[in-house]
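A.B. asks: Sequence first, predicted coordinates after that:
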Amino acid sequence: MSLYNVFDISGSGMSAQNVRLNTTASNISNANSISSSQDKTYRARHPVFAAELMKASESTGNTQGSSVGVKVLGIVESNKPLQIEYNPNHPSADENGYIYKPNVNVVEEMANMISASRSYQTNVQVADAAKQMLSKTLLLGQR
């Protein structure tokens, strides 16, 4: 594996964690929204990642020791049940007096945000280490 592949790998990791951070921020910002119907209620969203193994095996001819990046396959909605609350005095209550809240768990989202932030930071450190190694390699020829 070439040292230049490290930049592709860490770059795809940073991009994936950026999607994860944006999705988590969206979930947290909509955690307290209220709706009068289940269809209009915000549902938590989560990104789905996959390794780019096919890309790596095509470029090297095999999968042994090849570099593997991260690909965002998409963003899916959570199928956890919504929070239903009986509050007939609320302006958004339906005809039966119920309001609907998102299925977002703020504690889980905060933990997810910390994890994504640290993963992003780790990918930045990997890219920086690779840059320093390349710089030192170029200096070897000057002595």
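C.D. replies: Yep, it's here. Fair warning: this is a prediction, and the values are worked out from it, not measured in the lab.
A.B. asks: Please point out which parts of the longest helix seen in the chain sit buried.
C.D. replies: Across the chain, the longest stretch assigned as helix under DSSP state H is helix 106-140. Going by neighbour count (16 or more other C-beta atoms under 10 Å), the buried part of helix 106-140 is E109, N112, M113, A116, S119, Y120, N123, V126, A127, A130. Every C-beta, even on glycine, is put in place using the N, C-alpha and C of the backbone.
A.B. asks: can you check stretch 21-36 too?
C.D. replies: With burial defined by 16+ other C-beta under 10 Å, the residues of stretch 21-36 counted as buried are L21, T23, T24, S26, N27, I28, N30, A31, I34, S35, S36.
A.B. asks: Between which two of those is the distance greatest?
C.D. replies: Put simply, by C-beta to C-beta the two of these set farthest apart are L21 and S36, 30.7 Å from each other.
A.B. asks: Now the spatially most central residue of the chain: which helix or strand?
C.D. replies: Against the mean C-alpha coordinate of the chain, by C-alpha atoms, centre = their mean, the closest residue is R20 at 1.8 Å. Using DSSP states H and E, R20 sits in helix 5-29.
A.B. asks: Now do that helix and helix 106-140, the angle between them.
C.D. replies: On the basis of axes from the mean of the first three to the mean of the last three C-alpha atoms, to 10 degrees, helix 5-29 is oriented at 160 degrees to helix 106-140.
A.B. asks: Report the buried residues of the helix or strand just after helix 5-29.
C.D. replies: Remark: after helix 5-29, the chain's next helix or strand is strand 45-51, criterion DSSP H and E. For strand 45-51, burial by neighbour count (16+ other C-beta under 10 Å) applies to R45, P47, F49.
A.B. asks: picking up where we left off before, other residues contacting the helix holding R20?
C.D. replies: Applying C-beta atoms under 8 Å, 6 or more residues apart in numbering, the external contacts of helix 5-29 come out as 44-47, 49, 52, 67-72, 75, 102, 104, 106, 109-110, 112-113, 116-117, 119-120, 122-124, 126-127, 130.
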